[in-house]
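1. Next input, structure requested:
(one chain, ligands or ions: 1)
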Amino acid sequence: MQFKENIPLKDYSNYKIGGPARYFFEAKTEDALARGAREAKRRGLALFVLGEGSNLLIDDAGFDGLVLKISFDGAIEFDGARVTVTPDILIPHLLDEVAKRGLQGLEWAGGLPGTVGGAVRGNAGAFGGETKDTIFRVRSYDMQTDSFTLRNNAECRFGYRSSVFKEKQGSEIITKVIFELKPGVEKDIRASIEDKIQFRKSKHPIEYPNIGSIFKNVPLEYFLRTYADRAQTDADGKSTDAEIRAKFPVKDDPFPVIPTAYLMSEAGLKGLSHGGAQISEKHPNFIINKGNATSADVEFLIGVIKKAVFEKFGVMLEEEVQRVG
Ligand SMILES: Cc1cc2nc3c(=O)[nH]c(=O)nc-3n(C[C@H](O)[C@H](O)[C@H](O)COP(=O)(O)OP(=O)(O)OC[C@H]3O[C@@H](n4cnc5c(N)ncnc54)[C@H](O)[C@@H]3O)c2cc1C
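-> Numbering: from 1, shown residues only. Next up, the predicted model:
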């Protein structure tokens with residue numbers, strides 16, 4: 001089986017950052033995908049599944065293994081409110097197709113970049129909604145057992161920006177997704193999607209190459225423990241839920257969180273730059289590529305942010321982006 005060699009990955013990343021893939025293979029069918037994965041295993045190559053590259057921090061040194069890109073036929077099948085799609089379908093395209101048929105449930109994803117596969121794997125979410133909310137079944141290929149599995153929603157073990165597919169760290173590849181939506185009115189669905197798109201345009205620095213939020217938001221429940229540990233509020237060293245809510249903006253994501261962008265802003269990090277990378281002024285949880293940024297530039301800023309936020313708030317930020325290489 002022939003793989004392409006030395007393919008620049010920056011061309012496949014929204015960030016326009018990253019060195020080459022040693023081997024590269026585009027799978028057009030489930031069968032080809034299984035063959036590619038089997039061959040990678042036979043040759044002892046590490047394998048990375050590429051979606052649209054909207055959440056990837058690819059190392060300047062590239063990836064010393066096989067990058068497998070899913071390029072199926074992009075099919076969307078409708079059976080009433082049940083929608084079956086291949087994982088390479090782009091979220092904006094899916095939203096357009098379901099809106100056209102008056103199906104609701106995915107409006108929260110207005111303006112969300114990336115593929116269905118990437119969204120399911122990371123249980124992408126925004127505006128109080130999550131991918132898991134409308135998932136009926138997910139089919140995947142398991143590299144370890146060389147077999148396909150069909151899971152129901154509970155079996156996907158979705159959590160905050162996680163799933164069984166993420167837990168398995170790339171050894172399972174999503175090959176088909178079935179959503180269960182609800183009947184609605186096309187005009188209302190489109191209006192709701194458009195609201196989210198406009199909100200993102202006004203808040204996110206999408207005029208620069210970026211990979212979305214670098215860090216997860218901070219769960220209030222964790223913040224209460226860590227911030228209280230630093231005896232910031234009461235004489236007894238405990239901050240109550242009400243005290244934190246009075247001092248910090250708390251939003252539902254879909255459970256109560258303190259926005260990381262707010263903590264970064266309070267830590268004076270907005271606009272800080274290193275090499276070609278900069279902590280966005282518009283939305284500090286985004287590190288933008290202002291031109292020729294390297295992964296080392298971004299890693300440097302990630303380190304600075306973690307240290308500053310820990311020193312000011314006692315919070316260890318957790319990364320949301322996925323590293324490659
Ligand atoms: C401007 C901007 C805004 C964003 N806003 C949000 C937001 O509001 N909420 C949010 O949750 N995310 C957000 N993101 C992050 C990103 O859009 C999502 O994480 C998206 O779901 C990633 O999809 P992708 O196809 O680009 O995946 P990639 O970035 O290509 O890959 C991400 C991970 O998914 C894995 N993957 C991809 N396809 C498959 C598959 N078929 N099987 C198994 N694993 C697979 C990859 O191996 C990788 O580990 C944003 C990103 C940007 C650039």
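2. tell me which parts of the stretch 151-300 of the chain are close to the ligand?
-> Counting by C-beta under 6 Å from any ligand atom, the residues of the stretch 151-300 of the chain close to the ligand are 165, 170, 173-174, 204, 206, 210-212. Yep, even glycine has a C-beta here, placed from its N, CA and C like the rest.
3. 5 Å instead?
-> 173-174, 212 (C-beta under 5 Å from any ligand atom).
4. Restricted to strands, list these.
-> Applying DSSP state E to these, the entries found in strands are 173-174.
5. For K10, state which of the residues of the stretch 151-300 of the chain next to the ligand is nearest.
-> G212 (17.0 Å; C-beta to C-beta).
6. confidence score at the closest residue to P8 other than its chain neighbours?
-> Using C-beta to C-beta, 6 or more residues apart in numbering and skipping residues adjacent in sequence, the residue nearest P8 is P20, 5.2 Å away. We have a pLDDT of 98 for P20.
7. Just confirm P20 contacts L9, I think it does.
-> Yes - P20 lies in contact with L9 (C-beta atoms under 8 Å); the separation is 6.3 Å.
8. Name the residues contacting each of these two.
-> Between them, P20 and L9 share these contacting residues under C-beta atoms under 8 Å, 6 or more residues apart in numbering: 62-63.
9. Of these two, which one has the most company?
-> Counted by other C-beta atoms under 10 Å, P20 and L9 do not tie: L9 has more neighbours, with 24 against 20.
10. Can you show me the helices along the stretch 51-200 of the chain?
-> Secondary structure of the stretch 51-200 of the chain by DSSP state H, counting those that start in this stretch: the helices cover 91-100, 116-121, 164-167, 186-203.
11. mean confidence for the helix or strand just after the longest one?
-> The reference is to helix 186-203. Per DSSP states H and E, helix 186-203 leads on to strand 218-219 as the next helix or strand towards the C-terminus. Strand 218-219 shows a mean pLDDT of 94.
12. Just give the strands next to strand 218-219 in its sheet, each with its orientation.
-> Sheet pairing of strand 218-219 (DSSP bridges) gives strand 256-258 (antiparallel).
13. I would like the residues contacting the partner strand, please.
-> 217-221, 223, 244, 248-251.
14. From those residues, pick the one nearest the ligand.
-> N217 (10.3 Å; C-beta to the nearest ligand atom).
15. Just the strands from the stretch 51-200 of the chain, written as ranges.
-> 56-58, 63-70, 76-79, 82-85, 103-104, 125-126, 129-130, 135-142, 147-152, 172-180, 182-183 (DSSP state E, counting those that start in this stretch).
16. could those strands go into CSV alongside mean neighbour count and mean pLDDT?
-> Below are the strands of the stretch 51-200 of the chain laid out as CSV (neighbours: other C-beta atoms under 10 Å; pLDDT from 0 to 100):
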stretch, mean neighbour count, mean pLDDT
strand 56-58, 24, 97
strand 63-70, 21, 97
strand 76-79, 12, 97
strand 82-85, 19, 98
strand 103-104, 21, 98
strand 125-126, 20, 92
strand 129-130, 20, 94
strand 135-142, 20, 98
strand 147-152, 13, 98
strand 172-180, 23, 97
strand 182-183, 10, 98
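17. so which of these gets nearest P259?
-> The closest of those to P259 is strand 125-126. By C-beta to C-beta, the value is 12.5 Å.
18. How about the contacts made by E299?
-> Contacts for E299 (C-beta under 8 Å, 6+ apart) come out as L57.
19. mind checking the SS state of it?
-> Look at E299: counting by DSSP: H, G, I helix; E, B strand; the rest coil, its state is helix.
20. do the same with the one 10 residues further on
-> Assigned by three-state DSSP, the conformation of V309 is helix.
21. Quick one, grab the pLDDT at it.
-> Among the per-residue scores, V309 holds a pLDDT of 97.
22. One more: the one 10 residues further on?
-> Reported pLDDT at E319 in the predicted model: 94.
23. Write the ChimeraX selection for whichever of the contacts of strand 256-258 are buried.
-> The buried subset of the contacts of strand 256-258, as determined by 16 or more other C-beta atoms under 10 Å, is captured in ChimeraX by this line:
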select :217,218,219,220,223,244,248,250
